[in-house]
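> how would this look folded up:
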Amino acid sequence: MAPSSLLALNTDVLTAICEAIYHTRDVDRARHYNRGMLRGFSTTCKAIRATSVPILFRVLKIRRESLDVSTHILHELLRSGLAPHIRQFSFSPNIPIQILGQYFRSRDPSVLFKTPDDLPACASAFVELLKAMPSLEYLNFNPNPNFGAPLVEAFYCAFVVQDPPVRMENVKWLAIRSGDTYLRAACPNVTSLTVRMNYETGMDDPEVWRVGASKVEELSVAELHVARGRDNVIHDICAGMSNVKELSLQTPPGGNMTLEVDLLHFKSLRSLVRINLPDAPQLDKEFDPPWCGNAYDGYSPEELEEVLQRQRDQANAVCARARRAVRAVFPRIQKVQIGEDLWDLTKLQSTSEDEFDNLEKEEGRFHMKPVFRYD
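Down below sits the predicted model:
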């Protein structure tokens, strides 16, 4: 006999229903999960609420909140008992715009904090919450870079006083800044590592980057320009990464890469078969097409087509030069993505340079996954 109501269903069936609702695509927000629909369903009764909570709090983001508000949220999460359900956690403490303006005018780091205890309190709460997340698989730590060295020191101290040391064995996807070496040391089983280069150096021995380095299969580096003149930092990050198959590089909007130089920092990644690069204008400072459509006002249709064709030719030349630079450093490379265009080098029939330069890109547009998630 079929159950007469939802309450008659066992927990496994209710969980399957909640999972199905959660994974219904949220078209309005372009998400592959639908927390809003499940939240509404969870108010049906206590049994469904209890089944829904672990799914509702699977993904949690604390982003763009001030330091004191972020700390308060961390403490509330600890008290709520929800931490064991969290699998994906993003933490991005921010600086209010008014405070940031004061800092830029004075360059006095003390104006960033209400009291000297703000940073240690936030760091301590962050560590305690991470220790309460046994199911955590995805960790994104992206504080406002203007916190600078005081934040690196406070969070480092919060980690090193832990006995036993903090270990997050289940974390597979980690996004940190290059100075956050304590988080790299705490996550030895990462397979996808994203590093945002920053000016502050880590307080750990650089050898911490070797922790589980052979397990990393995807490496992403954002704001590569920050590392110029500090080649040893990238060398330390890549040390021991013998199994990286995919490398993604990113510069900030308006930034430029010098591929022939920048790629050499990653030459130790000998297993690389795919590389993802930013759009052509970020690969050559001489190629700077207008970003605004108003720049083309006043052109006749014939003149506009001529200008656009010239830009297409320039972009193709930049991409060809980029592919040559990539192959010179990574002879085993198979796929090169530049912006949303993808070239499959396995389709080459010979070693001819002409064939290589004129290789057609793959049909369609290929989404460029974000190197660093600002969420």
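> As a check, name the ranges of all strands in the stretch 251-375 of the chain.
274-277, 335-338, 341-344 (DSSP state E, counting those that start in this stretch).
> by contact count, what packs against the second one?
Read it as strand 335-338. Other elements packing on strand 335-338 under the criterion 3 or more CB pairs under 8 Å, 6 or more residues apart in numbering; DSSP states H and E are strand 274-277, helix 301-329, strand 341-344. For glycine as for every other residue, the C-beta is placed from the backbone atoms N, C-alpha and C.
> Name the surrounding residues that touch that strand.
With contact meaning CB atoms under 8 Å, 6 or more residues apart in numbering, strand 335-338 is reached by 273-280, 283, 319, 322-323, 326, 342-346, 366, 368.
> can you do 10 Å?
Strand 335-338 is contacted from outside by 246, 248, 273-280, 282-283, 315, 318-319, 322-323, 325-327, 330, 342-346, 359, 361-362, 366-369, using CB atoms under 10 Å, 6 or more residues apart in numbering.
> Filter those residues down to the buried ones.
Neighbour-count burial (16 or more other CB atoms under 10 Å) applied to these gives 246, 248, 274-280, 282-283, 315, 318-319, 322-323, 325-326, 330, 342-343, 345, 359, 361, 366, 368.
> Follow the chain on from the strand or helix carrying Phe89 and name the next helix or strand.
With secondary structure defined by DSSP states H and E, Phe89 is part of strand 88-92. With elements assigned by DSSP H and E, the helix or strand that comes after strand 88-92 is helix 97-106.
> Show me which parts of the next helix or strand after that next one are buried, residue by residue.
Using DSSP H and E, the helix or strand that follows helix 97-106 towards the C-terminus is helix 118-131. Of the residues in helix 118-131, those with enough neighbours to count as buried (16+ other CB under 10 Å) are 118-130.
> okay, those residues in TSV with pLDDT next?
Compiled in TSV, those are given as follows (pLDDT from 0 to 100):
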residue	pLDDT
Asp118	93
Leu119	94
Pro120	95
Ala121	96
Cys122	96
Ala123	96
Ser124	97
Ala125	97
Phe126	97
Val127	97
Glu128	97
Leu129	97
Leu130	97
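> shaky segments in the protein?
By pLDDT under 70, the low-scoring segments of the chain are 1-5, 25-33, 253-255, 293, 364-375.
> All the helices of this structure, residue numbers only.
For the chain, applying DSSP state H gives helices covering 11-22, 35-42, 46-56, 67-80, 97-106, 118-131, 148-160, 181-186, 231-238, 259-262, 301-329, 353-357.
> And the shortest one, what does it pack against?
What that stands for is helix 259-262. helix 301-329 (3 or more CB pairs under 10 Å, 6 or more residues apart in numbering; DSSP states H and E).
> try the fourth one
For helix 67-80, the elements it packs on are strand 59-63, strand 88-92, helix 118-131, judged by 3+ CB pairs under 10 Å, 6+ apart.
> domain parsing for the chain?
Following automatic domain parsing, the chain resolves into domains at 1-56, 59-357.
> Contacts only, for Ala132.
Leu77, Leu78, Gly81, Leu82, Ala83, Pro84, Ile86.
> okay, the residues you listed in TSV with distance to Thr351 and neighbour count next?
Shown next, in TSV, are the contacts of Ala132 (distance: CB to CB, whole Å; neighbours: other CB atoms under 10 Å):
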residue	distance to Thr351	neighbour count
Leu77	57	21
Leu78	60	15
Gly81	62	10
Leu82	58	17
Ala83	55	22
Pro84	56	12
Ile86	51	23
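> Need those residues in TSV (columns: distance to Arg39).
Shown next, in TSV, are these (distance: CB to CB, whole Å):
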residue	distance to Arg39
Leu77	17
Leu78	22
Gly81	18
Leu82	14
Ala83	19
Pro84	20
Ile86	16
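> of all the residues you listed, which comes closest to Ser106?
Nearest to Ser106 among these: Leu77, at 33.7 Å, using CB to CB.
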